[in-house]
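Chemist: Sequence plus the predicted model coming up.
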Number of protein chains: 2
Amino acid sequence: MTTGSGYDPDEYPRVAVTVDLVVLTLRDGELCVLLVERGEEPWRGARALPGGFVRPDETLDAAAARELVEETGLRDVPGHLEQLRSYGDPERDPRMRVVSVAYLALAPDLPEPAAGSDAAGASWVPVDQASAGPLAFDHARILADGLERARAKLEYTSLATAFCPPEFTVSDLRAVYEAVWGRPLDPRNFHRKVTGTPGLLADTGRTRAEGRGRPATVYRAGPATGLHPPLTRDG
Amino acid sequence: MTTGSGYDPDEYPRVAVTVDLVVLTLRDGELCVLLVERGEEPWRGARALPGGFVRPDETLDAAAARELVEETGLRDVPGHLEQLRSYGDPERDPRMRVVSVAYLALAPDLPEPAAGSDAAGASWVPVDQASAGPLAFDHARILADGLERARAKLEYTSLATAFCPPEFTVSDLRAVYEAVWGRPLDPRNFHRKVTGTPGLLADTGRTRAEGRGRPATVYRAGPATGLHPPLTRDG
DNA sequence: ATAATAGTGTCTTTTAGACAATATCAC
DNA sequence: GTGATATTGTCTAAAAGACACTATTAT
């Protein structure tokens, strides 16, 4: 907005603004996205990203945070939430002009949305399956953009810790990278890398035994937000 | 958009959607941004980013491209145009709820907008000055986000060539990096780096003498879009 | 003991960055 | 010639990636 000559709100076309969410989590070492099943036309029965209208006095970030809480059925969703990009092709929704501001959320392993709650109908779907099957509207494109953003940001930020619970081991963190990037990493080089990045990990002084093998040191996320130098996914 | 139960368009608040442009160019080796002076309230007399309403049957990208042409007064604007992010705080425009989808445009040295044209009132302002002085609405924030995006993308993409005319020398390209990052780079290491990146530069076989010194080889932008490995600005 | 996972050390290759040296122009 | 810019080469330090090796657990 703008230079333009005076305008009357009524001159301008009605546009609806929504937020759509790409919510990613790790379940059993697999990267999953939260999808809902549409109960009505258009795209009745198809899977879609969760989302909804932005309310009159709400910021875009607040609308995304509200939808995230509503659709997961959790009071407080830990992790990370950031704006992804906006989608506004005139024909993306056949009912009216809808501009959607998409958000990317990353969360640690969350429970399956409860059947009785508002979040019923939402479920975690492995991203490979979600990307293959059809999705409502332009949500396949939004999901692809969200995945690419997540994959890229793991390279040069500490974002992977958003997929972990408050306390985690280096192996937990490596499992995040392997799931998001879809390829195995060398445990020894990975360990040296992340423990050698100042401020990334805060040692709790404790260890945790997970079945066989030497117990792993337990860390919390440190204050660092960037990775210098970055981890690389191409290799 | 989503899951929700049926809705009537009239239930939802009227929202205006605009595009705002952060148009960057190099003038005399200085990074400049295109600003307009507002002729009316609110923010009458203040400088603002160019922008305008998205038309009913227009994609967001098309609206941004149209505004770019209108505000520069050029038929065809070379360079690069990409979506930056959206801004939708309820109070960002006192007149009504306005969600702005910001775009980032990078262009080679463009002429001063002609006084008689539609683009009159627009002018190129050095970014240091634009960032310092007040801007209308939340445009200071949008400008800062655009600059950060441009600075970051020079590291790992071939975007710098968008600031150059179709044919350019390695020195021209280096001048882009130095202007955008605001720091000098070693000409020798820079030369080795960019000429050694496959697909970044296409040799025209010609050279060009610019005053004193050995004539430089003239290149065109090659097919490569990414830089592997990246150039680094912290270094 | 054996298998499994955690963590350390070592080596090679690649790259960044500093900077010497050479090439080709204007003057 | 001198001075300026372009381009190539050389050296050092840092980092990536491969992988041997040690540490600590369960069985």
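Modeler: Alright, I've got the coordinates.
Chemist: Now stretch A:163-174: buried residues?
Modeler: For stretch A:163-174, the neighbour count (16 or more other Cβ atoms under 10 Å in any protein chain shown) marks A:163-164, A:168-170, A:172-174 as buried. (Each C-beta comes from the backbone N, C-alpha and C, glycine too.)
Chemist: Put together JSON lines for these, with distance to chain B, secondary structure and pLDDT on each row.
Modeler: Formatted as JSON lines, these follow (distance: Cβ to the nearest Cβ, whole Å; DSSP: H, G, I helix; E, B strand; the rest coil; pLDDT from 0 to 100):
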{"residue": "A:Phe163", "distance to chain B": "23", "secondary structure": "helix", "pLDDT": "97"}
{"residue": "A:Cys164", "distance to chain B": "26", "secondary structure": "coil", "pLDDT": "97"}
{"residue": "A:Phe168", "distance to chain B": "28", "secondary structure": "strand", "pLDDT": "97"}
{"residue": "A:Thr169", "distance to chain B": "30", "secondary structure": "coil", "pLDDT": "98"}
{"residue": "A:Val170", "distance to chain B": "25", "secondary structure": "helix", "pLDDT": "98"}
{"residue": "A:Asp172", "distance to chain B": "28", "secondary structure": "helix", "pLDDT": "97"}
{"residue": "A:Leu173", "distance to chain B": "23", "secondary structure": "helix", "pLDDT": "98"}
{"residue": "A:Arg174", "distance to chain B": "23", "secondary structure": "helix", "pLDDT": "98"}
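Chemist: Residues contacting the longest helix along chain A, please?
Modeler: Identified as the longest helix of chain A according to DSSP state H is helix A:139-156. Surrounding helix A:139-156, the residues in contact under the criterion Cβ atoms under 8 Å, 6 or more residues apart in numbering or on different chains are A:20, A:22, A:24, A:33, A:48-49, A:84-85, A:87, A:100, A:102, A:104, A:106, A:127, A:130-131, A:134-135, A:159-160, A:176-177, A:180-181, A:226-227, A:230-233.
Chemist: ok, and which of those reach DNA strand D?
Modeler: Among these, the ones lying near DNA strand D by Cβ under 7 Å from any atom of the strand are A:230-232.
Chemist: if we can go back for a sec, among the contacts of helix A:139-156, name the ones in strands.
Modeler: If you go by DSSP state E, the contacts of helix A:139-156 have A:20, A:22, A:24, A:33, A:48, A:84-85, A:87, A:100, A:102, A:104, A:106 in strands.
Chemist: Make TSV out of these and add pLDDT, neighbour count and distance to A:Ala209.
Modeler: Shown next, in TSV, are these (pLDDT from 0 to 100; neighbours: other Cβ atoms under 10 Å in any protein chain shown; distance: Cβ to Cβ, whole Å):
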residue	pLDDT	neighbour count	distance to A:Ala209
A:Asp20	98	27	42
A:Val22	98	27	35
A:Leu24	97	26	29
A:Val33	97	25	32
A:Ala48	97	19	42
A:Leu84	98	23	39
A:Arg85	98	20	43
A:Tyr87	98	25	47
A:Ser100	98	27	46
A:Ala102	98	26	41
A:Leu104	98	23	34
A:Leu106	97	26	27
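Chemist: of all those residues, which comes closest to DNA strand C?
Modeler: A:Leu106 (21.7 Å; Cβ to the nearest atom of the strand).
Chemist: Tell me which residue in chain A sits closest to DNA strand C.
Modeler: Closest point on chain A to DNA strand C, by Cβ to the nearest atom of the strand, is A:Gly213, at 2.3 Å.
Chemist: any idea how far B:Glu178 is from that residue?
Modeler: Counting by Cβ to Cβ, to the nearest Å, the gap from A:Gly213 to B:Glu178 is 52 Å.
Chemist: now do A:Val69
Modeler: The gap separating A:Val69 from B:Glu178 is 47 Å, by Cβ to Cβ.
Chemist: again with A:Leu49
Modeler: Taking Cβ to Cβ, one finds A:Leu49 at 42 Å from B:Glu178.
Chemist: between those two, who's got more neighbours?
Modeler: Counted by other Cβ atoms under 10 Å in any protein chain shown, A:Leu49 and B:Glu178 do not tie: A:Leu49 has more neighbours, with 31 against 17.
Chemist: Give me the pLDDT for the more buried one.
Modeler: At A:Leu49, the model reports a pLDDT of 97.
Chemist: My guess is it contacts A:Leu21. True?
Modeler: Yes. With contact defined as Cβ atoms under 8 Å, A:Leu49 reaches A:Leu21; the gap is 5.9 Å.
Chemist: Between those two, which contacts overlap?
Modeler: Common neighbours of A:Leu49 and A:Leu21 (Cβ under 8 Å, 6+ apart) are A:34, A:102.
Chemist: Next, the distance between the ends of stretch A:17-36.
Modeler: Distance across stretch A:17-36, first residue to last, is 19 Å (Cα to Cα, to the nearest Å).
Chemist: So it, near chain B or not?
Modeler: Yes. For stretch A:17-36, a contact with chain B is found by Cβ under 8 Å from any Cβ of the partner chain, at A:17-18, A:20, A:36.
Chemist: Next one: stretch A:216-227, is it in contact with chain B?
Modeler: No. Stretch A:216-227 stays clear of chain B (Cβ under 8 Å from any Cβ), getting no nearer than 9.8 Å.
Chemist: Just the buried residues of that stretch, please?
Modeler: For stretch A:216-227, a neighbour-count test (16+ other Cβ under 10 Å) marks A:216-219, A:221, A:224, A:227 as buried.
Chemist: ok, those residues vs DNA strand D, which is closest?
Modeler: For these, the nearest to DNA strand D is A:Leu227 (8.6 Å; Cβ to the nearest atom of the strand).
Chemist: Around the residue of chain A closest to DNA strand C, count how many other residues there are.
Modeler: A:Gly213 has 8 nearby residues by other Cβ under 10 Å.
Chemist: And it, how far from B:Gly39?
Modeler: According to Cβ to Cβ, A:Gly213 and B:Gly39 sit 71 Å apart.
Chemist: re earlier: in a markdown table: the buried residues of stretch A:163-174, plus distance to A:Pro187.
Modeler: Shown next, in a markdown table, are the buried residues of stretch A:163-174 (distance: Cβ to Cβ, whole Å):
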| residue | distance to A:Pro187 |
| --- | --- |
| A:Phe163 | 18 |
| A:Cys164 | 16 |
| A:Phe168 | 15 |
| A:Thr169 | 11 |
| A:Val170 | 8 |
| A:Asp172 | 12 |
| A:Leu173 | 11 |
| A:Arg174 | 6 |
